[in-house]
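Novice: What follows is a protein structure lacking sequence information:
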């Protein structure tokens, strides 16, 4: 027995509908972005929030980011920072305990992925490298 050809046409029609919806969504996102609106997928990064379709800074979370930055600059490990944050009662955007990976992500956004080491660590590494090359 062979499958009826009508189902093949239905499948093609569904694929075209999906493509059409996808194109409309993409066009809407592009138009919103052109007007300066937030078009991100999921929730905004820690330290930011959406207000009336616009991405703005969350002042409370910005203060927490500053605490993380200070602890990192003092030379604490990601795990030490996460432990301190949890001991002090700070939670992530979703109300969960801090993990070292969540601290890393905050620092990656703050410093950029390539430059995450605090300056005191970098300068000691650079002086070690210079001494080794002499």
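Specialist: Perfect, I can see it now. These numbers were taken from a predicted model, which means no experiment stands behind them.
Novice: List the contacts of the residue nearest to the spatial centre of the chain.
Specialist: Centroid-nearest residue in the chain: residue 45, 4.7 Å away (criterion: CA atoms, centre = their mean). Going by CB atoms under 8 Å, 6 or more residues apart in numbering, residue 45 touches residue 109. Any C-beta I mention is one placed from the backbone N, CA and C, and that applies to glycine too.
Novice: swap the cut-off to 10 Å and go again
Specialist: Listed by CB atoms under 10 Å, 6 or more residues apart in numbering, the contact partners of residue 45 are 55, 58, 61, 65, 93, 105-106, 109.
Novice: ok, which stretches of the protein are strands?
Specialist: Along the chain, counting by DSSP state E, strands occupy 48-51, 54-57.
Novice: what's the offset of the first one from the middle of its chain?
Specialist: The gap between the average C-alpha position of strand 48-51 and the chain average comes to 13 Å, counting by CA atoms, centre = their mean, to the nearest Å.
Novice: Direction included, what does it pair against?
Specialist: Sheet partners assigned to strand 48-51 using DSSP bridges are listed as strand 54-57 (antiparallel).
Novice: could you give the mean pLDDT of the partner strand?
Specialist: Averaged over strand 54-57, pLDDT sits at 87.
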